[in-house]
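> next comes the sequence, and after it the predicted model I'd like to discuss.
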Amino acid sequence: MPPALQNPITLWLLLTAALGGIVYAFMRPELRVKATLYGAVLIACGVAIWPPYEWNGQPGKIHLGLDLRGGVHLVLQVVLDDALNATTDDAVNTTRDQATRKGIQVASVLRTAPYSFAIEGIEPARVKDMKDVVRDFFRTGWAVKDAGENRLSVEMTELYQRQLKEQTVQDAIRTLERRINALGVAEPVIAATGNSGDQILVQLPGVTDLEQAKRVIKTTAQLSLKLVESSAGSEQALLEAKGGKVPDNMEMLSGPSDTPGQPTWYLLRKEAMITGRDLKNARVGVDENNRPDVVFSLNATSADKFSRETGRNIGRQLAIVLDGTVYSAPVIQGRLGADNNRITGRFGTQEADDLSKILKAGALPATLKYQQQLTVGPSLGRDSIRSGVMASVAGLAFIVIFMVIYYKLSGVNAVVALTANLLILLAVLAYFQANLTLPGIAGVILTMGVGVDTNVLVFERIREELHHGKTVRAAVANGFDRVLVTIIDTHLTAIIAALFLFTFGTGPIKGFAVTLVIGLAANVFASFFVSKFLFEWVLGKGHVETLSI
Amino acid sequence: MEILKNPHIDFLGKARYFIALSALFIGGGLAVMLSQGLRYGVEFSGGTQLILHFQATPEVDQIRHAVDQVSGGAVIQSYGDPAKNSVLVRVAQEAPENDLDAPARSIREALAKSYGKNPVLESSSEIVGPIVGAELRQKAVYLTVLGLLAQLIYITARFKGGAWGVSAAIAGLHDILISLGFLTLFHYEITLNVIAALLTLVGYSVNDTVVVFDRVRENLGKRRKDPLPSILNDSMNQTLTRTLISNGTTLLAVLGLYLFGGEVLRGFSFTMVIGVLVGTYSTVFIAVPFVNWWYGRGGDASGKTVRAA
């Protein structure tokens, strides 16, 4: 035997093709068009699902959901106020700058809520000028109101707030995508979820190191390089030196020192020389003491600024601030360029590696909080597949035996229709790369139940018509015609119910709804095209006395 | 082969007994739910649930002893096939937002310390913060009500009469209540999968009702002079074989799922088994009698006033 034929699959395909060819040759010509069409659909479906699971090194076409293959499912809440605060802070700074530029005396500009700020103590003669400046500068998104006593209050419009929130969630999703890709997870799901759309669903199939995944996901990674004004061993010492108050353009942050448990406190310029957005690349390196550090390079525009600013501040300390903690504050030795800048800290190798990945992927626009966390161990998943498949096979075997005993040859027809139904359902799942979940398997079984129902409806109707003395051909035609109305109604009501499950958002249930809807649609094709065609073919053209039903 | 030959059962005549039976079931179910309370799965109640796969046969008592040291009132029971050496541990204790893992971690550490002779090989966990749980619960109720309402509207439009839509929806609601009663009685938890099963069950029940209604609609068109009750009865008898075969096979399929489908789907398949049974029953003894009552209220049972197409 030639080697190609030793492969049972190839052999089986050839035999099927030969059989199909013979059937085709003897088929009445007017049926050939339909036969070709339906055959093509089913063959295409067969190709789409081959191989269904990993086989001979080829990846399986049926994508398994988390519950079947194991992995991590996380729901994170985006703290939207963070993004509003940042935007309002920007507006506050701009307003301050503009007031100075236009020579308007202002006592203070302060944020009053995440979405509003107030300009106070404006010189009385120029309140209107100030108002015009703000209006000019923030044409859209902000509304200025006269609050009396030389005071203006500026508030974000609802529309702008909403846009900003949506933008924040989208940005967070994009950042998470980059970070998770860096982790090398295959087929992750990252999508907005929750009633108000401010939650993010993250599914990482096959991931077992939950801790690392969570660290990489959650770190906000707001990096900034800021000039150090002064530093001290405690908060009080720093405050006393400044007369008990942190100046408006400064902020106070702490970071680890060489003595564990005793942080160093820094007074920093609020304005950052460089932020995470200016980064071009980041990777792990080693410092002069052979400790891991993170090496980063800057993009062209910020490199100029960085070089100018460092040149002007030689001898001063530059703090490297990540998420509100000062990682280190090296002294600027000379003018710094675009490349080979280092973040040293007390990193472990893993830590440095994670940090470089996070910096490369960019900062999150807001803090994330974990709301839900689901891990499925791989062996629990395997058990579930086995049980699910076993239950499906048991159910199908029972249905097949019953239909053939009860409806004889017509029962065989029903089995062909059911097989077509299953084949189309799996092919559509494979084509759209939808995940097959455990409830999805249940959906498959239910689809088989509905498929049987369609056949039973048709067959019972045909029997009834035969009892009423109709000819076989008329009974079959009437059976299909009458039942079609019922099927449209039953399937549409079922689809309406399934559509509500779609909106439930969580993985497994969505999987169930997807299988059910596809299954119902495939069922109509299998029954009203394939099964009906088989009847037409068997009944032939001449007079038929009896029907095996 | 035929299981029934020309059945002539007077379903409507006996409906009152079955309505009483349904009332009994629903009342009993509500009593059970009120006295025991619905058991929510961890995705709705919030908290931490671990499925721990031990190396050797786990001793639940010793595990409970170890877990009690860090978290009182934990639910601990063996899980699934005994050969799998698996134990389910659930604590209601709220998982803190900034460190969702904390309760799970302390349980694992306590087990490693006090029950180290039988190490955990693999653990699956489900940890749900309080916000998500509440949101999901709310959403589940919304979805069920909206789903029923949408089906009611569709059927009303298709059959051109409120009686049809309303009765299908009442039958669906009837099925949900009875299923919830059984779920509580048999100590099943309301999980996301069970909610999916309940929504499917409503779809299935309405589906079954629509098949009979469709036949009624057809008969109403053909037999304009016949009284409505006899048309309803005949329609149910004509579709009886189909009802038995279709629902019987589906019942056996979901029964297979219940028996072989594994632990994760147990609640789901139980709900479906109850649902298929109750859904079939409610078509015959709730939905159709309701239509009969609706159109017979004015003493006119001739069917002339029935506005169905």
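That came through fine.

> how is chain A divided into domains?
A:27-67+A:379-539, A:80-161, A:223-361 (automatic domain parsing).

> before we move on, what about chain B?
The record's domain split for chain B, according to automatic domain parsing, is B:11-41+B:132-296, B:47-128.

> about what we covered before: to chain B, which of the domains of chain A lies closest?
With Cβ to the nearest Cβ, the closest approach to chain B among the domains of chain A belongs to domain A:27-67+A:379-539: 2.9 Å. (Glycine included, C-beta is placed from N, CA and C.)

> now the closest one: mean pLDDT?
Domain A:27-67+A:379-539 shows a mean pLDDT of 87.

> ok so, going back, check the domains of chain A for me and report the most buried one.
domain A:27-67+A:379-539 (a mean of 20; mean count of other Cβ atoms under 10 Å in any protein chain shown).

> next, the distance between the ends of it.
Separation of the first and last residues of domain A:27-67+A:379-539 by Cα to Cα, to the nearest Å is 12 Å.

> for the stretch 1-150 of chain B, what spans make up the strands?
Under the criterion DSSP state E, counting those that start in this stretch, strands of the stretch 1-150 of chain B are mapped to B:47-54, B:75-78, B:86-91, B:120-128.

> okay, these in CSV with mean pLDDT and mean neighbour count next?
As requested, the strands of the stretch 1-150 of chain B are arranged in CSV below (pLDDT from 0 to 100; neighbours: other Cβ atoms under 10 Å in any protein chain shown):
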stretch, mean pLDDT, mean neighbour count
strand B:47-54, 90, 23
strand B:75-78, 86, 15
strand B:86-91, 89, 23
strand B:120-128, 86, 21
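
> B:Ala169: which of those is closest?
strand B:120-128 (31.5 Å; Cβ to Cβ).

> elements contacting the closest one?
Judged by 3 or more Cβ pairs under 8 Å, 6 or more residues apart in numbering or on different chains; DSSP states H and E, strand B:120-128 is in contact with strand A:368-376, helix A:378-431, helix B:42-45, strand B:47-54, helix B:102-114.

> convert the last one to CSV, retaining C-alpha atoms only.
Meaning helix B:102-114. The C-alpha trace of helix B:102-114 is given here as CSV (Å, rounded to 0.1, in the frame of the first residue of the first chain):
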residue,chain,number,x,y,z
ALA,B,102,-5.1,37.5,51.3
PRO,B,103,-7.7,35.0,52.6
ALA,B,104,-6.7,32.4,50.0
ARG,B,105,-3.0,32.8,50.8
SER,B,106,-3.5,32.5,54.5
ILE,B,107,-5.5,29.3,54.0
ARG,B,108,-2.8,27.8,51.9
GLU,B,109,-0.2,28.8,54.4
ALA,B,110,-2.2,27.3,57.3
LEU,B,111,-2.6,24.1,55.4
ALA,B,112,1.1,23.9,54.5
LYS,B,113,1.9,24.4,58.2
SER,B,114,-0.6,22.2,60.0
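
> dump the domains of chain A to a markdown table, plus distance to A:Thr175.
Output for the domains of chain A, formatted as a markdown table (distance: least, Cβ to Cβ, whole Å):
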| stretch | distance to A:Thr175 |
| --- | --- |
| domain A:27-67+A:379-539 | 21 |
| domain A:80-161 | 12 |
| domain A:223-361 | 6 |
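
> coming back round to it: dump the domains of chain B into TSV; add distance to A:Gln236 as well.
Shown next, in TSV, are the domains of chain B (distance: least, Cβ to Cβ, whole Å):
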stretch	distance to A:Gln236
domain B:11-41+B:132-296	42
domain B:47-128	27
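
> which stretch among those is buried most, on average?
domain B:11-41+B:132-296 (a mean of 20).

> mind checking how far that one is from the chain centre?
With Cα atoms, centre = their mean, to the nearest Å as the basis, domain B:11-41+B:132-296 stands 9 Å off its chain's centre.
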